[in-house]
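J.: below is the sequence, then the predicted model.
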Amino acid sequence: MTEHFPVSAEQLAQYHENGFLVIEQLFDQEEMNLLRDIARQDLQLAVEAKRRRDGGTGEAKLTVRNDLGDDIYSAMVRCHRITDPMEQFLGGHSLAPIAG
């Protein structure tokens, strides 16, 4: 059974007002630990990462890709927990080519 992640009217209004929406605990701790461990061992990710000041006293590492591959990062982006809300934000336009 496919899980669906509906967005409330309040969340949809927040998205349209602010241009973004933060959904706390979209992924559980085990999933985030796995992603963190994979990213820390990913040499290609380290090479591509750019360092930017984070607005505070530290810096953030950021990698931007314009395509989806066959990897854990793309799998998370294709997850219904992300694509279902995005389809709602876009007024029902399908993200099927992305969601695969």
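T.: Nice, I can see it.

J.: now the most centrally placed residue in the chain: which helix or strand?
T.: The chain has V77 as the residue nearest its centroid, 5.2 Å off, counting by Cα atoms, centre = their mean. Using DSSP states H and E, V77 sits within helix 72-78.

J.: report the longest helix in the protein, please.
T.: In the chain, taking DSSP state H as the definition, the longest helix is helix 29-41.

J.: send me the helix or strand that that helix is followed by as PDB with only the CA atoms.
T.: Downstream of helix 29-41, the next assigned helix or strand under DSSP H and E is helix 43-48. Only the C-alpha atoms of helix 43-48 are listed here, as PDB (Å, rounded to 0.1, in the frame of the first residue of the first chain):
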ATOM      1  CA  LEU A  43      34.100  10.900  -1.800                       C
ATOM      2  CA  GLN A  44      32.400  12.400  -4.900                       C
ATOM      3  CA  LEU A  45      30.000  14.400  -2.700                       C
ATOM      4  CA  ALA A  46      33.000  15.700  -0.800                       C
ATOM      5  CA  VAL A  47      34.700  16.800  -4.000                       C
ATOM      6  CA  GLU A  48      31.600  18.600  -5.300                       C
END
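
J.: now helix 43-48: buried residues?
T.: For helix 43-48, a neighbour-count test (16 or more other Cβ atoms under 10 Å) marks L45 as buried. C-beta coordinates here come from the backbone N, C-alpha and C atoms, glycine included.

J.: how about stretch 9-20?
T.: Q11, Y15.

J.: for the residue located most distally from the centre of the chain, pull up the helix or strand it's in.
T.: Going by Cα atoms, centre = their mean, the residue of the chain most distant from its centre is T57, 24.9 Å out. Using DSSP H and E, T57 sits in no helix or strand.

J.: now do the same contact list for it.
T.: With contact set as Cβ atoms under 8 Å, 6 or more residues apart in numbering, T57 has no partners.

J.: just the angle between the helix or strand harbouring E87 and helix 29-41, please?
T.: Element membership of E87, judged by DSSP H and E, is helix 80-89. On the basis of axes from the mean of the first three to the mean of the last three Cα atoms, to 10 degrees, helix 80-89 is oriented at 100 degrees to helix 29-41.
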